[in-house]
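J.: structure for this input, please:
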Amino acid sequence: MKTTYLVTGGAGFIGANLVHRLLGQPEAQVVVLDLLTYAGNLDSLADIAASERYHFVHGDIGDRELVGRTLERFRPAVVLNLAAESHVDRSIDGPRAFVRTNVVGTFELLDACRELWLRLTPAQREQFRFVHVSTDEVFGSPGDSGCFTEETRYAPNSPYAASKAGADHFVRAYFHTYGLPTITTNCSNNYGPYQFPEKLIPLVTLNALEGKRLPVYGDGRNVRDWLHVDDHCQALILVAERGRPGETYNIGARDERTTLQVVEAVCGALDEQAPAASNPAFARQDRAPVSYRELISFVTDRPGHDRRYAIDPSKIERELGFQPARRFAEGIRGTVAWYLQHRAWCDRIAQGVYRRERLGLGPGGAQP
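T.: Next up is the predicted model:
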């Protein structure tokens, strides 16, 4: 039986990977709703653009009229909300856009879905799911030990995290108040193909290839749990198919790394796949570095930088059978290889939008 999915933010990093995975299911029809801001790009969906099972709608989740028309036209059985302003540093420089998209936009999408859901047949209403994709950053920091569970209290410390927390609360309220079958997921740090170059791993990869310094915030000991985006997408599909309405599920890989360890792993993969000795970026220098690790540079930490995030994924493992397929060492080599093979993609999405300058300095703007 054909299932129609509406993926908001489907031209972004996680969204594009999710759309590709969904279309791997022969009976899936996928509708993407995306505003195509700086982090959303149709190049990430170019290989499936001609598919009869894929439809693209250009627009904002906060545009109630457009969202209503899209829902009425396609009547999705599953809405996966990945539309969000998602970069902490950008939220420090300009928090208003995060409130507008992440809070107000999510509210408008929820309310439009509630109106559609009320018009469905009983069988369709039983099948309908609204899956809201959130972050572990809403929980703040657990300290040096312990992990976030679905019962951890919210304690956001950045404008980005606060906006996602607000959205999460609206999603919960629409289940408890109206009965809309919503499910929330909170994931750890994602990495993999199609990630916008302002994020750590692609930023380090591209800077290293160009012989530029590799900025590491503070002492480099901030800890995150790293989850390959394809494993995350697998988990989201499990949640959409088998998750219980009204529940939340933490999605993680139990793979904690410090920022410095991640940067060094990227450098190690580059040393193997694109050795500095043969990199034209160093041709005019007295010598090429023995390793890209020599480019690491510690810079002033960003404001409100949580020391550690750690997800306990026991619930989704136990209830839905989720198990990540990739460990970090394998995943990072494949990710670096992808960026090496897709330099043109990186160049196109960065033109005139983001040139890998330092963000998140607050009033006063970015620095190179």
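J.: who touches residue 286 in this structure?
T.: Listed by C-beta atoms under 8 Å, 6 or more residues apart in numbering, the contact set of residue 286 is empty. C-beta coordinates here come from the backbone N, C-alpha and C atoms, glycine included.
J.: all helices in this protein, in order from the N-terminus.
T.: Counting by DSSP state H, the chain has helices at residues 13-23, 64-74, 88-93, 96-98, 106-119, 122-127, 159-178, 200-209, 229-242, 259-273, 314-320, 328-341, 343-350.
J.: let's have those in TSV, adding mean neighbour count and mean pLDDT.
T.: What follows is these, written out as TSV (neighbours: other C-beta atoms under 10 Å; pLDDT from 0 to 100):
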stretch	mean neighbour count	mean pLDDT
helix 13-23	24	98
helix 64-74	17	98
helix 88-93	21	82
helix 96-98	17	93
helix 106-119	20	98
helix 122-127	11	97
helix 159-178	20	97
helix 200-209	23	96
helix 229-242	21	98
helix 259-273	20	98
helix 314-320	17	98
helix 328-341	18	97
helix 343-350	14	84
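J.: of those helices, which approaches residue 279 most closely?
T.: Nearest to residue 279 among the helices of the chain is helix 200-209; the distance by C-beta to C-beta comes to 6.8 Å.
J.: what sits up against that closest one?
T.: Against helix 200-209 from outside (C-beta under 8 Å, 6+ apart): 191, 195-197, 213-215, 259, 262-263, 266-267, 270, 274, 279, 281, 292, 295, 332, 335-336, 339-340, 343, 346, 356.
J.: got the angle for it vs helix 259-273?
T.: 50 degrees (axes from the mean of the first three to the mean of the last three C-alpha atoms, to 10 degrees).
J.: output helix 200-209 as PDB, nothing but the C-alphas.
T.: Only the C-alpha atoms of helix 200-209 are listed here, as PDB (Å, rounded to 0.1, in the frame of the first residue of the first chain):
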ATOM      1  CA  LEU A 200      32.300  20.900  12.300                       C
ATOM      2  CA  ILE A 201      33.200  17.900  10.100                       C
ATOM      3  CA  PRO A 202      32.700  19.400   6.700                       C
ATOM      4  CA  LEU A 203      34.200  22.700   7.900                       C
ATOM      5  CA  VAL A 204      37.400  20.900   9.000                       C
ATOM      6  CA  THR A 205      37.500  18.800   5.900                       C
ATOM      7  CA  LEU A 206      37.200  21.700   3.500                       C
ATOM      8  CA  ASN A 207      39.500  24.000   5.400                       C
ATOM      9  CA  ALA A 208      42.200  21.300   5.600                       C
ATOM     10  CA  LEU A 209      42.000  20.700   1.900                       C
END
